[in-house]
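Q: Sequence below, structure please.
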Amino acid sequence: MVQPGKKIRVLVVDDSLVFREVISRGISSDPNIEVVATANDPFDARDKIIQYEPDVMTCDVEMPKMDGIEFIRRLLPQYPLPVIVVSMISSRVFDAMNAGAIDFVTKPDVSSLTKVESFINEMIVKIKVAATAKILHMKPGASTQKITGSSSIDDNRIIAIGASTGGTEAINNVLEQLPPSVPGIVVVQHIPPKFSRMFAERLNDTIALEVREASTGDYLQKGHVLVAPGDQHMRIKRIGDKYKVECFKGEKVNGHCPSVDVLFESVAKEAGSRAIGIILTGMGYDGAKGLLSMRKKGARTIGQDEESSVVYGMPKVAYNIGAVEKQAALHQIPRIIYSMLNQ
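A: Modelled structure (predicted):
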């Protein structure tokens, strides 16, 4: 973690000279960031890491000699370094996150100045977040077996989850342990457009629950998960004993669209004490006020603890304002959810 007042030392790894230059010159425009070196392949990068001891590394996925995902998987056990993956639009970014990367950014069309500027601004923000992040290693015994649940849980309950940096893996870790008997789940993960659908499809292929990207008019169902589109807010509306989802374009809330607060506020209003709200790892404060509204309306609320969070931002703010009823390590959260559902 970078000490306050010191520049963030960055290593840029990409086999493309053009992108090495674009990234290096772009992020160096921020006075708080210093590019200490660049590398054109993982073996060059390994030597530069030893020589320059960077605080953060940006890493391409497609590279010669060894791809970025395998490099990250081999690197992090020896050199626990926050990594931001730079990739074309591909579901492989989730393999990189699973390997231990902190976040990802989509490569822009370098012929578009506007897109390059947007890319650089996003890179600068994510590098600053990564510099505060922890590299987590699963503790022995921390992973738990899937919960075997009964079908007696009230189908009219609802579970709402919000996350940001580090959230794709955290959400996966929570959902993969839950049984198909759980009530409907709605998820807001801060994620770019197009990747939200890939994220939902990846979850659907790997866990017991049915997962898809949400669309307006979808109803929550037992054992189903709806993920907010990456460029739309999502809220719920109660229709009798059921909950319908509405997705809509709108201004950013707390710097984000979709916003966790938008979802949580609607859950507080429409579901009240029938809901369980969970806030996971992420930078900033999105979701904290919404979770507090949920708790005030009688919902059960859970916050991820500092030790297991990649970035203890959103859960910390929620805890500090009294929105979190129960704070717990990530691997404990699924059983807490299930216990709350059965109380």
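Q: What is the helix or strand containing Ile336 packed up against?
A: In this structure, Ile336 is located in helix 333-341 according to DSSP states H and E. Applying 3 or more CB pairs under 8 Å, 6 or more residues apart in numbering; DSSP states H and E, one finds that helix 333-341 contacts helix 167-175, strand 275-279, strand 300-304. For the C-beta atoms, the positions are set from N, CA and C on the backbone; glycine is no exception.
Q: from the ones you listed, which stretch is densest packed?
A: strand 275-279 (a mean of 28; mean count of other CB atoms under 10 Å).
Q: Tell me the strands beside that one, with direction?
A: Partners of strand 275-279 in the sheet, by DSSP bridges, are strand 158-163 (parallel), strand 300-304 (parallel).
Q: After the last one, which helix or strand is next?
A: Same thing as strand 300-304. Along the chain past strand 300-304, the next helix or strand (assigned with DSSP H and E) turns out to be helix 314-320.
Q: contacting residues around that following helix?
A: 162-164, 260, 279-288, 291-292, 301, 303-306, 309, 324, 327 (CB atoms under 8 Å, 6 or more residues apart in numbering).
Q: Can you verify Met66 is assigned to a strand?
A: No: looking at Met66 with DSSP: H, G, I helix; E, B strand; the rest coil, it is coil, so not inside a strand.
Q: per-residue pLDDT, it?
A: With respect to pLDDT, Met66 scores 89.
Q: Likewise for the one 3 residues further on?
A: You'll see Ile69 listed with a pLDDT of 93.
Q: again with Thr216
A: pLDDT at Thr216 comes out at 98.
Q: Make 275 the first number, not 1, from now on.
A: New numbering, starting at 275: the last item is Thr490.
Q: ok, it - contacts?
A: Residues in contact with Thr490 (CB under 8 Å, 6+ apart) are Val519, Glu520, Cys521, Phe522.
Q: any weak-confidence spans in the stretch 475-617 of the chain?
A: Scanning the stretch 475-617 of the chain for pLDDT under 70 picks out nothing.
Q: Please enumerate the helices of it.
A: Using DSSP state H, counting those that start in this stretch, the helices of the stretch 475-617 of the chain run over 534-545, 562-570, 588-594, 607-615.
Q: returning to that earlier point: indicate which one of the strands paired with strand 549-553 is closest to Ala373.
A: strand 432-437 (18.6 Å; CB to CB).
Q: And the helices in the stretch 325-474 of the chain, which stretches?
A: Under DSSP H, counting those that start in this stretch, the stretch 325-474 of the chain gives helices at 342-349, 366-373, 387-404, 441-449, 469-480.
Q: Need the winner for burial among those.
A: helix 441-449 (a mean of 23).
Q: got the angle between that one and helix 469-480?
A: Angle between the axes of helix 441-449 and helix 469-480 is 30 degrees (criterion: axes from the mean of the first three to the mean of the last three CA atoms, to 10 degrees).
Q: which outside residues touch helix 441-449?
A: By CB under 8 Å, 6+ apart, helix 441-449 touches 368, 371-372, 435, 437, 459, 461, 463-465, 473, 477, 480-481, 483, 485, 499, 552, 554-556, 578, 583-584, 604-605, 607-608, 611.
Q: Which of the contacts of helix 588-594 are buried, as a PyMOL select command?
A: Remark: buried members of the contacts of helix 588-594, expressed as a PyMOL selection using 16 or more other CB atoms under 10 Å:
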select buried, resi 436+437+438+534+553+554+555+556+557+558+559+560+561+562+565+566+575+577+578+579+583+598+601
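Q: of all the helices of the stretch 475-617 of the chain, which lies closest to Leu387?
A: helix 534-545 (32.0 Å).
Q: Now the closest one: buried residues?
A: For helix 534-545, the buried set under the neighbour-count rule, 16+ other CB under 10 Å, comprises Val534, Asp535, Val536, Leu537, Phe538, Glu539, Ser540, Val541, Ala542, Glu544, Ala545.
Q: Am I right that the third one is in contact with Arg509?
A: Yes: with contacts defined as CB atoms under 8 Å, Val536 counts as touching Arg509 at a distance of 5.8 Å.
Q: Just want the most central residue of this structure.
A: Closest residue to the average C-alpha location of the chain: Gly441 at 2.4 Å, with CA atoms, centre = their mean.
Q: In space, what's closest to that one - neighbours in sequence excluded?
A: In this structure, Gly441 finds its nearest non-sequential neighbour in Gln463, 4.9 Å apart by CB to CB, 6 or more residues apart in numbering.
Q: now swap in Gly556 and tell me
A: Nearest residue to Gly556 in three dimensions, chain neighbours excluded: Ser438, at 2.6 Å (CB to CB, 6+ apart).
Q: quick one: contacts for the one you found?
A: Contacts of Ser438 by CB under 8 Å, 6+ apart are Gln463, His464, His530, Val534, Thr555, Gly556, Met557, Gly558, Asp560, Val585, Gly587, Met588.
Q: for these, which one is nearest Ile513?
A: Lowest distance from Ile513 to the contacts of Ser438 (CB to CB) belongs to Val534, with 22.8 Å.
Q: From Gln463, how far out is the closest one?
A: Noted for Val534: a distance of 9 Å to Gln463, by CB to CB, to the nearest Å.
Q: shared neighbours of the two, which are they?
A: Gly436, Ala437, Ser438.
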